[in-house]
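> predicted model and sequence follow; I will ask about them next.
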Amino acid sequence: MTYRYEPPTETHRAPVIDIFNHYIARTFAAYPGGEKPVPHAFFDRFAEV
């Protein structure tokens, strides 16, 4: 399997946060906000990393 890294861009905002919220809602992982989904604006934190 081949993988490719792309720096996060605006086109990644909704898909990345939707996946993140999926794991917030369905797992016991410790994410900010506990069991509450994060808004798409939270993507800006990912873009800073």
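Alright, I've got the coordinates. None of the values given here were measured: they were computed from a predicted structure.
> roughly how far apart are Tyr23 and Ile17?
11 Å (CB to CB, to the nearest Å). Where C-beta positions appear, they are placed from N, C-alpha and C, glycine not excepted.
> which of these two has more neighbours?
Set side by side, Tyr23 and Ile17 show more neighbours around Ile17, with 19 against 11, by other CB atoms under 10 Å.
> Gly20 - how many residues pack around it?
Wrong residue type there; residue 20 is Phe, not Gly. 19.
> for it, give its distance to Val38.
7 Å.
> same check, this time on Phe46
10 Å.
> so what's Pro37 closest to, chain neighbours aside?
Distances taken as CB to CB, 6 or more residues apart in numbering place Asn21 nearest to Pro37, at 4.1 Å, with adjacent residues excluded.
> tell me the pLDDT at that neighbour?
Turning to Asn21, the model gives it a pLDDT of 90.
> from the contact counts, what lies against the helix or strand hosting it?
Using DSSP states H and E, Asn21 sits within helix 13-26. For helix 13-26, the packing partners by 3 or more CB pairs under 8 Å, 6 or more residues apart in numbering; DSSP states H and E come out as helix 43-48.
> for the helix it packs on, list every residue counted as buried.
Phe43 (16 or more other CB atoms under 10 Å).
> show residues contacting it.
Pro8, His12, Arg13, Val16, Ile17 (CB atoms under 8 Å, 6 or more residues apart in numbering).
> out of these, who has the most neighbours?
Going by other CB under 10 Å, Ile17 tops the contacts of helix 43-48 with 19 neighbours.
> hmm, that one is touching Val38, no?
Yes. Here Ile17 lies in contact with Val38, judged by CB atoms under 8 Å, at a distance of 6.4 Å.
> shared neighbours of the two, anything?
Contacts common to Ile17 and Val38, judged by CB under 8 Å, 6+ apart, are absent.
> that older thread, and the two most separated of the contacts of helix 43-48?
Greatest spacing in these, by CB to CB: Pro8 and Ile17 (10.9 Å).
> centre of the chain to the worst-scoring helix or strand of the chain on mean pLDDT, how far?
Lowest on mean pLDDT, DSSP states H and E among the helices and strands of the chain sits helix 43-48, with a mean of 84. The chain centroid and the centroid of helix 43-48 are separated by 9 Å under CA atoms, centre = their mean, to the nearest Å.
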